[in-house]
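Participant: Next come a sequence and a model predicted from it.
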Amino acid sequence: MTTKLIDHSVPLIRAVVIHPDLGDRTARPAEERLEEAAGLARALDLDVRAEEVVRLRKTAPATLFGAGKVEELAALIRAAEAEAAVVDYDLTPVQQRNLEKEWECKVIDRTGLILEIFGRRARTKEGRLQVELARLDYERSRLVRTWTHLERQRGGTGSTGGPGETQIELDRRLIADRIVRLKGELEEVRRTRGLHRKQRKKAPFPAVALVGYTNAGKSTLFNRLTGSEVLAKDLLFATLDTTQRTIRLPQGRPAIIADTVGFISDLPHELVESFRATLEEVGEADLILHVRDIASADSAAQAKDVEAVLKQIEQPANPDGSVKPRRILEVWNKTDMLDPEAREAVEGQAARSNNAAVAVSAWTGEGIETLRQAIADLIDDDPETELVLEPSQGNALAWLYEHGRVTARDTDADGRTYLTVRLDAQAMGRFERQFGPN
């Protein structure tokens, strides 16, 4: 096995990152998986002193690695003076406990690492509730008899005393009670979100959701489209909390766009379940923008990981019970990081995709207007209506630009305005009630 030592002088918690390569576990190269795991560790402010890919023919139930490999990694951890070992794998509670004993340091598995990052980054009350629920689901499985305090008994109640309950049983009961309370609070969040969505549909503005692999540039694109200042850094999971803004599309149509949490390969089930209320925004969206880092060599594999998570998100049903079709537009971001030849090839492929993909650079703004037009084309499925407005109906004209899409306009010598407008049935009804003949 090959070791990559890194020299750091920042006084952070020293860590070693280990990726177990099981061969058939994923089609992505082990080195790229290792690099991603190291990026997650740095996102948690760990001082990564060494990175290691360990080839495994089979896993050991007690320690994941064989005895010889455990000793070899222990020597690496000591040489790096590491205080923590990050194992890019979902360890069982027993494996985690045994490795901590053998290596004499804190051991963090992939799920624990991602949960810790989410716990630090969540800012809203909803985000903190979702992360805490995911963490409790994870920790409930970690309550093995690792420490002696879990074996102590509390005294019984009543006159007969009794054996009482062990600390581990008490901890499990407290966690179970807290999980029930959190699920109740999140159900209320879900209900409130549902009410907000109903109110938005009365507008009615189409909803667009940004999804993509973490660090694909969603927040940068969101800022570029909306003029907002959402935190956007070259960092895994830089933003977690969903942000919504109104954007103007060509011909003046407004739409609501939502920036959602980034996805990642092997996203912990606990997080997918806990973020159900947030991910419903994706399921209810009229259009999903799948943002891809097209400059990454791992772009195709990352896209498959995102698609796998999307399949777990429930799609709403139409009134007749059929499933609402999901419309997805791929946004091939970071074209500014490609060499000229590769960039020309990507832009040509996007242009030939029949509105299935758009090549952009959210950083420089190139391709953004093409993206706006593509969004408008995909959500603009309302019927066209021809209207004639008198010169005195300026307020009606302004209303049409605010709530519909004016696709053609002409004015005659008498000042009448002839319009071709796209309005959905609900908006047309409101227009006729407000501006129709008395």
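Facilitator: Arrived safely, thanks for sending.
Participant: State the next helix or strand along the chain beyond the helix or strand of the chain with the lowest mean pLDDT.
Facilitator: For the chain, the helix or strand with the lowest mean confidence is strand 3-5, at a mean of 50 (criterion: mean pLDDT, DSSP states H and E). Using DSSP states H and E, the helix or strand that follows strand 3-5 in sequence is strand 13-21.
Participant: Quickly run through the sheet partners of that next one, with directions.
Facilitator: On the basis of DSSP bridges, the sheet neighbours of strand 13-21 come out as strand 46-55 (parallel), strand 84-87 (parallel).
Participant: where's that strand relative to the chain centroid, distance-wise?
Facilitator: Strand 13-21 sits 24 Å away from the centroid of its parent chain (Cα atoms, centre = their mean, to the nearest Å).
Participant: just checking, what packs against the next helix or strand after that strand?
Facilitator: As assigned by DSSP H and E, the chain's next helix or strand after strand 13-21 is helix 30-43. Counting contacts by 3 or more Cβ pairs under 8 Å, 6 or more residues apart in numbering; DSSP states H and E, helix 30-43 is packed against strand 13-21, strand 46-55, strand 84-87, helix 110-121. In this view, the C-beta of every residue, glycine as well, is placed from N, C-alpha and C.
Participant: List the contacts of helix 30-43.
Facilitator: Outside of helix 30-43, the residues within contact range by Cβ atoms under 8 Å, 6 or more residues apart in numbering are 15, 17, 19, 21, 26, 48, 51-53, 55, 86, 88, 110, 113-114, 117, 215, 235-237, 264-265, 297-298.
Participant: tell me which residues of that helix are tucked away?
Facilitator: Taking 16 or more other Cβ atoms under 10 Å as the neighbour-count basis, helix 30-43 is seen to contain the buried residues 30, 32-43.
Participant: Can you give the distance of that helix from its chain's centre?
Facilitator: Distance, stretch centre to chain centre, for helix 30-43: 18 Å (Cα atoms, centre = their mean).
Participant: Please apply the same query to stretch 95-104.
Facilitator: Counting by Cα atoms, centre = their mean, stretch 95-104 is centred 32 Å from the centre of its parent chain.
Participant: Tell me where the model's unsure across the stretch 301-438 of the chain.
Facilitator: Low-confidence segments of the stretch 301-438 of the chain, defined by pLDDT under 70, span residues 314-324, 381, 437-438.
Participant: any chance you could map the helices in it?
Facilitator: 340-351, 368-379, 394-403, 425-435 (DSSP state H, counting those that start in this stretch).
Participant: Counting by contacts, list what the third one packs against.
Facilitator: Looking back up the chat, that one is helix 394-403. Other elements packing on helix 394-403 under the criterion 3+ Cβ pairs under 8 Å, 6+ apart are strand 384-389, strand 417-422, helix 425-435.
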